[in-house]
Each structure stands twice: as C-alpha cells, then as structure tokens.
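S.K.: here you go, sequence then predicted model.
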Amino acid sequence: MNNKNTPSSVGEILGEAISLYAKAPLLFILVSFFPAIFINSIGHLTLPVTESVYLEAFKATVITSVLAGFHASTFYLVWCASRQKPLLLPYVPSIVIAFGPRLFLVALLLSATALLIIPTVFGIFIAIYAGVRLCLIRPFIMIESMTPLQAARSSWHLVEGKWLQTFAIQFIVLAFSAIVFAFGALIGSLSESVWLALLLQSLIQSLLAPLAAGVDLALFDEYKSS
C-alpha cells in the first residue's frame, strides 16, 4: 500500500487486495469452501423451492447471510496475512463464534432492506449509495470489535468523500464476480445434477470470498491512514 500522503489509486488498492489473496490462496479457498458447501447443501435440503421470485430471493439472502457469518474465518486469515501474523487455523472456530453472528445480522438486514427498496422509485440508487457507504462494516466489527450499529456509523463516515473511488472498486469486484458466477452457471447447466450445481456455486463463493476480504482490508487500511 502507498505509504505516501497521496491517496492510492483504484488500481493500487485492487493490487493490494490481490497481493493479500496471493499470500496463501489455497488455504483461504479451503477455509471458505467447507462452510460454503455445508450451508448451501443444508439450504437446498431444508428450504422449500417456491414459484415466488421474492421468496426465492429471500431464501438466497438467508443462505448468503449465514455464509457471511461463517466467512469471518476467511477475513481473519486474510487479516493475519496482511499483518504478517501466523495463519493459525485452531483459532478459526472461536473467530466464527465471536464475530459470525454479528456479520450474519448485518448481511441479513442490509440484503433484506435492499430487496424491499430496490423495486421502489429510485430504490436501486438508494441501495447502491448506501451499500457503498456501508461496505466497510466488516473490518470495523472484526478489527475494532464494534457493534453492528457502531460499525455502520464508522463505515458511513470513513467512506465520506471517497464514495466514487469506493464505488469504482466495488463495481469492478462485483462485475468480476458476476462473470465468474455466470461462467459457473453455464458449466452447471450442462449437467442436470443439482449437487454438481451446488458444488460449483460453493467453489465460486470460496474463490471470491478471499478477494472480497482483501478488498475490504485494502480499503480500510487506505482510508484509515489517509
């Protein structure tokens, strides 16, 4: 990361995130994969399939929010790598227990709120604006041990004046994620196996989770030091 007083560019911040990912990619992916395949499988077996678009969207929101809680482990390991600390797997369960419920609550509330307001007039613009301002909730919760409300306020203030840069970075990451998911869906469509589709979905989520954690950390460190 840039140690000068001049702000880092979008490319430099993304480069920092990728360099964090590259420190232990296989470990990050494996730690992300096991909860992903478990949660996706449980969701498939227990949550009924409906014809309602909203109910299906809410079901996906619940599953994704639970996974966000479990992926506290991924963020913890990426943070350790960023601080040149040992990547200690025995600490992972306690990290999930300590931070997982808060991350799940935040993800569920934000996603459910977005589902409600996006269909309204200007709803998608409100959701995008607020989502960018609140994108650093996770680092505040896990690094500074804040409550979800405190983390939301801190993220909102930290991103102030840096919205366009933050949006550009998040847009690039989301666009890349969408392409990867579309490619996975295309491969899954070649087979009628639901379990193969779940496996591919879980693998893609596991590939992207460390990248998202690296972006959060790179943005957090950049904005806190500026």
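M.R.: Looks like it arrived, so ask away.

S.K.: ok, and the helix or strand in the protein with the lowest average confidence?
M.R.: Evaluated with mean pLDDT, DSSP states H and E, the helix-and-strand set of the chain has its lowest mean pLDDT in helix 53-70, which scores a mean of 90.

S.K.: flag the shaky bits of the chain, pLDDT-wise.
M.R.: In the predicted model of the chain, residues 1-5 satisfy pLDDT under 70.

S.K.: quick check: the gap between I126 and V31.
M.R.: Between I126 and V31 the distance, using C-beta to C-beta, to the nearest Å, works out to 34 Å. (Glycine included, C-beta is placed from N, CA and C.)

S.K.: and the two? which has more neighbours close in?
M.R.: Here I126 and V31 are compared on neighbour count by other C-beta atoms under 10 Å; more neighbours surround V31, at 24 against 15.

S.K.: wait, isn't the more buried one in contact with S73?
M.R.: Yes. In terms of C-beta atoms under 8 Å, V31 counts as a neighbour of S73; the distance is 5.3 Å.

S.K.: who touches both of those two?
M.R.: Taking C-beta atoms under 8 Å, 6 or more residues apart in numbering as the contact definition, V31 and S73 share the neighbouring residues V92.

S.K.: does anything pack onto the longest helix along the chain? Which helices or strands?
M.R.: Within the chain, and with DSSP state H defining each element, the longest helix by residue count is helix 194-225. Taking 3 or more C-beta pairs under 8 Å, 6 or more residues apart in numbering; DSSP states H and E as contact, the helices and strands that helix 194-225 lies on are helix 10-21, helix 25-46, helix 72-82, helix 137-144, helix 148-158, helix 163-189.

S.K.: one more pass at 6 Å, please.
M.R.: helix 10-21, helix 25-46, helix 72-82, helix 137-144, helix 163-189 (3 or more C-beta pairs under 6 Å, 6 or more residues apart in numbering; DSSP states H and E).
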